[in-house]
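In: give me the fold of what follows.
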Amino acid sequence: MNFRLFAPVLAFAFSSLPLCADGPLQPPVVYLQPVQNVFLMPAAFPAHRQFVAEFKRAMAASDYAAMEKIAEGAVEIFPRDAVWRYNLACAKARRGHLDEARDAILAAANLGFSDAAGASSDPDLAILRRDPAFARALAVFRNNRDNPESAHGAVSPLPVEDAARITVSNTFWNMEIGGFSALFQPRARSTLYAPVSTSIPGKTGEAINRWLAEGTASGNAGDIYDNHDRGHSRLDVSLFSGLVPSRYSKEAHDAGADTGYSLFTFPGRIVFGNSSTANVSGENWSSSARRAQNDAPFTLFSQYLSNCMYVYPQNRDCLKSFHGDVFPSRTPYVFIAPGASWSDRPILASIATALAAMRPEVKDILAERGQIAPAVRFLLHMAQTNVAVRADYLSPRAHPVAFPGGAVDTLRLAELAHSLETNSLPPLAPLRVLSDDSAKFAPERDFPDSRGERLFDSPFAIARVWRATPQTRKITLAVMPAAEGVRYHWLLGQGDADKVKIRELDDGRIAEITIAYHNPGFDTPFGMPSSRVDVLCIADDGRNFSPPSFVTWYFPPVERRRYDGDGRILEIDYSAGDGAYADPSVASKFDFRDIFEYDAEGRQSRRRVPVPAQ
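Out: Numbering: from 1, shown residues only. This next block holds a predicted model:
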């Protein structure tokens, strides 16, 4: 069997780092029609995830009949997915259905399957090993591996002219990241950095035009601007010569693929965009930023390391006069603008400015490594007016949840971007969990919620929600891989300094974080309440910093707890909150409270007491 679909295929040194999250099984499949229009895949993708869960259970039980039935159902709904065709071949082979296994393995090859090494040794395919069709399939697998541009069937790159057109002919759904990939032809290098004056106003534009005339700046030729709110808050691309807007086809528009948070990557291209959209009514009200981080953190991670940058206004998710900061997690993967509609435009202009000011050779190597987005985030944070000296970057105030685009000194931003050299690129701070006590606690056994404590683990953002009863928790992390000559700083972004202890080892390459329970709604350095503790890790090579990586704990505001002097839990009221808002995708309210009692030997017992509805 093959489950490559669980690990994003990203050209990065630590692509094998785990991407995982805790949660209940998906609800019953409701999308049961074959997907003919690629832009309908977001609605069908939950069915894929349920098929995967069922297939893995059948595989663990060696129930080949069930595996065959599940794979057949998946192929019916996802007829152009190579991995499901491959898994169907495996199930058919295990069942002894040679002809059908042969057809499925050849279909997988024609659809772009590329794991020749795995297939050649897969015990599920033993019955096919000497069949000539298997040899032909392996040859196609190898060709797909060596020529990935030919591995997407009828999908092929389009040229970028007056616009970057996103159509069914150049877009495929990437099962590995749960998102779209739109393919475009590469821009000829001879014209990519031809001197074209920019219309950026003031001294910033004058500086960039001088560098363009000298041949030491990139400009925006070849960059793509992807508006994702159907023109509601559109950047004026005419200010940035060479910047090309995206344009969605009718099929994409009708499917809603051109609005809300973006699920797109654009392999080989530098892209930035925005969506001034939000769900403003009902119990699931949310900014696009919060919804994206809750629903698709690994898609956002993939964008981050694929030279894609998106900006989403916080709307009401980080507003002192409303509920304060209600984000259950933080990531560096998107920019969150400080207001509602149109507050994203200053950040968009700053991103375009940074890209335009970069030296061509610097922009090339950052793009090749998939590190444009981290570099731009570092530059924008460093160019804030409140970052007057280098040490200010290591202050929590330099890294607010909602990034104030209007507080960026654009001339300084351009100068910082232009000062980057190929031998002094901004470092990164990739994290891996070494130990974490969350795994000890089980949903519906140690706490009433059916979801676990782990929201997600990704290389630059690790998120937990505090559900279990202990008053104090510990997590140990490592920077992996760590770079030579780089110092890693760990700092408390928000939370009670008396309740969060960070022990750094080996120049910050390892950190032991001990955290005590926080009552939800505590004060933060940004003048608003929050129920999330943030710990930041920042790499420092002596010249540049990395953007921050985040480790966060969210304390559900619907709970109220009491502990005794020895740190033992006495009571948890799951119906409380006093009107506080808790993200319903993360925290549930229950109409009871748990009372904990202890006998003479310290053994714990629990009584569950109903709480009358208010």
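In: only C-alpha atoms from now on, for both contacts and neighbour counts.
Out: OK.
In: what is the burial count for Ala164?
Out: 21 (other CA atoms under 10 Å).
In: same question, the one 10 residues further on
Out: For Asn174, the tally of surrounding residues (other CA under 10 Å) stands at 20.
In: where does it fall, phi/psi-wise?
Out: Backbone torsions of Asn174, given as degrees, to the nearest 10, read phi -90, psi 100.
In: I figured it hits Ser181, correct?
Out: Yes: at 6.5 Å, Asn174 counts as touching Ser181 under the criterion of CA atoms under 8 Å.
In: which residues in the stretch 251-400 of the chain form helices?
Out: With DSSP state H, counting those that start in this stretch as the criterion, the stretch 251-400 of the chain has helices at 288-295, 297-304, 345-357, 360-369, 372-382.
In: same list (the ones you listed) but as a markdown table, adding distance to Asp540, mean neighbour count and mean pLDDT.
Out: Formatted as a markdown table, the helices of the stretch 251-400 of the chain follow (distance: least, CA to CA, whole Å; neighbours: other CA atoms under 10 Å; pLDDT from 0 to 100):
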| stretch | distance to Asp540 | mean neighbour count | mean pLDDT |
| --- | --- | --- | --- |
| helix 288-295 | 27 | 22 | 95 |
| helix 297-304 | 20 | 25 | 96 |
| helix 345-357 | 20 | 25 | 97 |
| helix 360-369 | 18 | 18 | 95 |
| helix 372-382 | 11 | 24 | 98 |
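In: distance to Pro123 added to those helices, as TSV?
Out: Compiled in TSV, those are given as follows (distance: least, CA to CA, whole Å):
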stretch	distance to Pro123
helix 288-295	35
helix 297-304	31
helix 345-357	49
helix 360-369	36
helix 372-382	41
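In: nearest to Ala108, of these?
Out: Comparison of those against Ala108 by CA to CA identifies helix 297-304 as nearest, at 24.4 Å.
In: got the contact list for the closest one?
Out: Applying CA atoms under 8 Å, 6 or more residues apart in numbering, the external contacts of helix 297-304 come out as 8, 10, 19, 177-179, 263-265, 292-293, 309, 333-334, 370-371, 373-374, 456, 458.
In: if we use 6 Å, what do you get?
Out: With CA atoms under 6 Å, 6 or more residues apart in numbering as the test, helix 297-304 has contacts from Ile177, Thr265, Tyr333, Ala373.
In: again with stretch 501-508
Out: Counting by CA under 6 Å, 6+ apart, Arg487, Tyr488, Ile510, Ala511, Glu512, Ile513, Thr514 sit against stretch 501-508.
In: if we go to 10 Å?
Out: Residues external to stretch 501-508 that are found in contact with it (CA atoms under 10 Å, 6 or more residues apart in numbering): 474-479, 482, 485-492, 510-516, 535, 537-539.
In: how far off centre is it?
Out: Averaging C-alpha positions (CA atoms, centre = their mean, to the nearest Å) puts stretch 501-508 26 Å from its chain's average.
In: make 21 the starting number, not 1.
Out: Sure, I'll start counting at 21 from here, so that last one is stretch 521-528.
In: in that stretch, which residues are buried?
Out: Residues of stretch 521-528 classed as buried by neighbour count (16 or more other CA atoms under 10 Å): Lys521, Ile522, Glu524, Gly528.
In: now swap in stretch 217-235 and tell me
Out: Quick answer for stretch 217-235 (16+ other CA under 10 Å): Ser217, Thr218, Ser219, Ile220, Thr224, Gly225, Glu226, Ala227, Ile228, Asn229, Trp231, Leu232.
In: got those as a markdown table, with pLDDT, secondary structure and distance to Arg627 columns?
Out: Below are the buried residues of stretch 217-235 laid out as a markdown table (pLDDT from 0 to 100; DSSP: H, G, I helix; E, B strand; the rest coil; distance: CA to CA, whole Å):
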| residue | pLDDT | secondary structure | distance to Arg627 |
| --- | --- | --- | --- |
| Ser217 | 77 | coil | 72 |
| Thr218 | 84 | coil | 69 |
| Ser219 | 87 | coil | 69 |
| Ile220 | 89 | coil | 66 |
| Thr224 | 96 | helix | 66 |
| Gly225 | 95 | helix | 68 |
| Glu226 | 95 | helix | 71 |
| Ala227 | 96 | helix | 69 |
| Ile228 | 96 | helix | 68 |
| Asn229 | 94 | helix | 72 |
| Trp231 | 96 | helix | 71 |
| Leu232 | 94 | helix | 72 |
